[in-house]
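Colleague: missing the sequence, but the structure's below:
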């Protein structure tokens, strides 16, 4: 292993290797920051380019794009409350309030440092403890995936602490959108109303852009102050590294906890960064000394979400490289990147192509350090977005949303659907119904449905199959604990509010 | 006294919206539940039916919460220029409708320019330059970097 690792580092630290990492991370950040584009899309579209490269360099480029894109989604989430990727939805909860409070620079720098922390933790796990962690992935079957999905859905209670009924209504909208299309088991078309464009269901990104981007623009343009930017910076000078370090000193347990959580969630095939960011945020709030500050513009909230979603990057590669099982959508596409280079993911990959595999894994680690430099100093540039007059920024976001949703499947139907969701999202905002539960439910609803049905099929219709085994019970206890804690917090806050009156 | 009455009026306004929302969700859920009954084969109807059943329960809960003022949330002071919002939504829909037939390169700069003017942006230099530069930048990102074709319309 050490010999292959040394050889890999000589590839990574070559001029070409560093150039590819810088280009890949910068490109990934750009892709992730733009609503409509995602890490999966970015990696998928650039795989053909890597065909002409040597295998190690091709994989270095793809890995760099992956980590850059997952972080990039937080930039638009923080600055304009439009998550660049589904994994950044939880980041909007504290990121955008920090921007409106004049602390956009601080928010961006907390985001990059926490993302890099999560990325490094997962990269180290990938490099040094892949085989034992991969065994965990093998233990997960349909019943376990069902409970994982329910655990993710239980976070809705935390997300809708102010009004759980409206939170669940939002989730019901997401769950309904998730059943549109072909049934995953028997192939029946559900709620397509004869429209062939709906046969493959509704893309998560279409709903995401619709529910966030358009309502945000419409709300911003409601007021008369359109020749000014979104917010005014609190101070004349940008926040210094010393101040950021002082902030990190206060919240470093969240950095570590979320990074580890993200790595573990990334190992579970099918889970992914989308779930990890919510779980990270939820657990961050639960363990925080100041949970009441979450959602008001609290840097710990950003750290909790971002460390977790970048923690997925290395974790998701563990089952891919060791077992040939993709950890999420991006790694499923990465299989194409490996195959195009003549590499077969799985147990033999390490034996037959150790130097290439370690180059890939090493690039994930070193790429995070490059991302730290690009992201940290890039934040000084990105923050200028808040100064762009809303009369200019608003139309730009609308164009990005329409073109971005078109680009998913080269379909104007998706753009039209996005606009429809946009008007729905605007209406939801006027009714104080948050969009985050809808997005979460769209991601997890289909996962819950298909796996519970598979589990019941395997158990010949006997629901006892869902309650067999230690992993199932651990997950059930986590769900009960998560929901119980959230309801208890809600009850305690209402009681405090009535006592104060 | 007068201040208290105004506050109560504002609180009632959201309660009225919630009741209407609850009624709409109730009706849609009933229709959805009936429609889901068409997908009985292989258990395909179970999950959708469960969702609509849950929505019916939620709509009743929302109605009751609004009726008994269970959630004393803050009312946001609305200051919406309906005419402006109508124009923004209308011109956006027009952009979407025309982008395929007329083409990205013609419609996008026009849309950016017109909407910024409607929104009252006055800096002429930026008004003429940014639609062009942004449209080219976006085209380069999608077409050249990501190899995603954009609708060219009459220029194709």
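Modeller: Everything's here; your move. As the structure is a prediction and not an experimental result, all values here were calculated from the model.
Colleague: tell me, how many residues neighbour the residue of chain B found nearest chain A?
Modeller: Taking C-beta to the nearest C-beta, chain A has its nearest neighbour within chain B at residue B:42, 3.3 Å off. (Each C-beta comes from the backbone N, C-alpha and C, glycine too.) Using other C-beta atoms under 10 Å in any protein chain shown, the number of residues around residue B:42 comes to 14.
Colleague: with residue A:490 instead?
Modeller: There are 17 residues near residue A:490, going by other C-beta under 10 Å.
Colleague: state the distance from the residue nearest to the spatial centre of chain A to residue B:148.
Modeller: Residue closest to the mean C-alpha point of chain A, counted by C-alpha atoms, centre = their mean, is residue A:87 at 1.6 Å. In this view, residue A:87 and residue B:148 are 21 Å apart by C-beta to C-beta, to the nearest Å.
Colleague: who are the neighbours in contact with the residue nearest to the centre of chain A?
Modeller: A:39, A:70, A:73, A:272, A:273, A:274, A:276, A:277, A:309, A:312 (C-beta atoms under 8 Å, 6 or more residues apart in numbering or on different chains).
Colleague: so for it, what's the pLDDT?
Modeller: Residue A:87 carries a pLDDT score of 83 in this model.
Colleague: check residue A:224 too.
Modeller: For residue A:224, pLDDT reads 64.
Colleague: which of the contacts of residue A:87 fall within helices?
Modeller: The helices, defined by DSSP state H, take in A:39, A:70, A:73, A:273, A:274, A:276, A:277, A:309, A:312 from these.
Colleague: report the buried members of these.
Modeller: A:39, A:70, A:73, A:273, A:274, A:276, A:277, A:309, A:312 (16 or more other C-beta atoms under 10 Å in any protein chain shown).
Colleague: for the chain, where's the lowest mean pLDDT among helices and strands?
Modeller: Since no chain was named, I'll use chain A. Within chain A, no helix or strand scores below helix A:130-138, which has a mean of 71 by mean pLDDT, DSSP states H and E.
Colleague: output the ones in helices among the contacts of residue A:87 in CSV, with pLDDT and distance to residue A:116 appended to each entry.
Modeller: Listed next are the ones in helices among the contacts of residue A:87 as CSV, based on pLDDT from 0 to 100; distance: C-beta to C-beta, whole Å:
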residue, pLDDT, distance to residue A:116
A:39, 81, 16
A:70, 89, 11
A:73, 90, 15
A:273, 72, 15
A:274, 74, 20
A:276, 88, 16
A:277, 89, 15
A:309, 91, 12
A:312, 91, 14
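Colleague: show me what contacts residue A:439?
Modeller: By C-beta under 8 Å, 6+ apart, residue A:439 lies in contact with A:86, A:89, A:174, A:204, A:207, A:208, A:211.
Colleague: buried ones in the helix or strand hosting the second one?
Modeller: Translated: residue A:89. Assigned by DSSP states H and E, residue A:89 belongs to helix A:89-100. Burial within helix A:89-100, assessed by neighbour count using 16+ other C-beta under 10 Å, is assigned to A:89, A:90, A:91, A:92, A:93, A:94, A:95, A:96, A:97, A:98, A:99.
Colleague: again with stretch A:38-52
Modeller: So for stretch A:38-52, counting by 16+ other C-beta under 10 Å, buried means A:38, A:39, A:40, A:41, A:42, A:43, A:44, A:45, A:46, A:47, A:50.
Colleague: how far off centre is it?
Modeller: In terms of C-alpha atoms, centre = their mean, to the nearest Å, the centre of stretch A:38-52 is found 19 Å from the chain centre.
Colleague: from the buried residues of stretch A:38-52, which land in helices?
Modeller: Among those, DSSP H puts A:39, A:40, A:41, A:42, A:43, A:44, A:45, A:46, A:47, A:50 in helices.
Colleague: tell me which element the nearest residue to residue A:8 once chain neighbours are set aside is part of?
Modeller: Excluding its sequence neighbours, the residue lying closest to residue A:8 (C-beta to C-beta, 6 or more residues apart in numbering or on different chains) is residue A:358, at 3.6 Å. Using DSSP H and E, residue A:358 falls within helix A:354-382.
Colleague: quick one on the thing from earlier: among the ones in helices among the contacts of residue A:87, which one lies nearest to residue A:336?
Modeller: residue A:39 (14.2 Å; C-beta to C-beta).
Colleague: return the residues in contact with that closest one.
Modeller: Contact analysis of residue A:39 by C-beta under 8 Å, 6+ apart lists A:28, A:31, A:32, A:65, A:66, A:69, A:70, A:85, A:87, A:273, A:330.
Colleague: out of the residues you listed, which are buried?
Modeller: A:28, A:31, A:32, A:65, A:66, A:69, A:70, A:85, A:87, A:273, A:330.
Colleague: end-to-end on stretch A:325-334?
Modeller: 11 Å (C-alpha to C-alpha, to the nearest Å).
Colleague: quick check: the gap between the residue nearest to residue A:8 and chain B.
Modeller: As judged by C-beta to the nearest C-beta, to the nearest Å, residue A:358 and chain B stand 29 Å apart.
Colleague: I figured that residue was touching residue A:10, is that so?
Modeller: No - using C-beta atoms under 8 Å, residue A:358 makes no contact with residue A:10, being 10.7 Å away.
Colleague: for these two, indicate the residue with more neighbours.
Modeller: The neighbour count for residue A:358 versus residue A:10, taken as other C-beta under 10 Å, is higher for residue A:358 (24 against 12).
Colleague: the residue positioned nearest the centre of chain B: which element?
Modeller: With distances taken as C-alpha atoms, centre = their mean, the residue of chain B nearest its centroid is residue B:89 (9.4 Å). Element membership for residue B:89, per DSSP H and E: helix B:82-101.
Colleague: name the helices or strands packed onto the next helix or strand after that helix?
Modeller: Scanning forward in sequence from helix B:82-101 by DSSP H and E, the next helix or strand is helix B:104-118. Using 3 or more C-beta pairs under 8 Å, 6 or more residues apart in numbering or on different chains; DSSP states H and E, the elements in contact with helix B:104-118 are helix A:390-409, helix B:82-101, helix B:124-139.
Colleague: for the stretch 151-300 of chain A, give the residue positioned nearest to chain B.
Modeller: residue A:186 (3.3 Å).
Colleague: so that residue, which of the three states?
Modeller: coil (DSSP: H, G, I helix; E, B strand; the rest coil).
Colleague: could you find the closest non-adjacent residue to it?
Modeller: Closest to residue A:186 by C-beta to C-beta, 6+ apart is residue B:42, at 3.3 Å.
Colleague: isn't that neighbour right next to residue A:190, touching?
Modeller: No - the pair residue B:42 / residue A:190 is not scored as a contact, 11.4 Å apart, by C-beta under 8 Å.
Colleague: find residues that contact each of the two.
Modeller: residue A:183.
Colleague: right, and the residue nearest to the centre of chain B touches residue A:423 too?
Modeller: Yes - between residue B:89 and residue A:423 there is a contact under C-beta under 8 Å: 7.4 Å.
Colleague: rewinding a little: pull out the buried positions in the helix holding residue B:89.
Modeller: B:84, B:88, B:89, B:91, B:92, B:95, B:96, B:98, B:99.
Colleague: and the pLDDT for the last one?
Modeller: Here, the pLDDT recorded for residue B:99 equals 92.
Colleague: ok, the closest residue to it other than its chain neighbours - contacts?
Modeller: The spatial neighbour of residue B:99 that comes closest, neighbours along the chain excluded (C-beta to C-beta, 6+ apart), is residue B:107 at 5.1 Å. Going by C-beta under 8 Å, 6+ apart, residue B:107 touches B:95, B:98, B:99, B:153.
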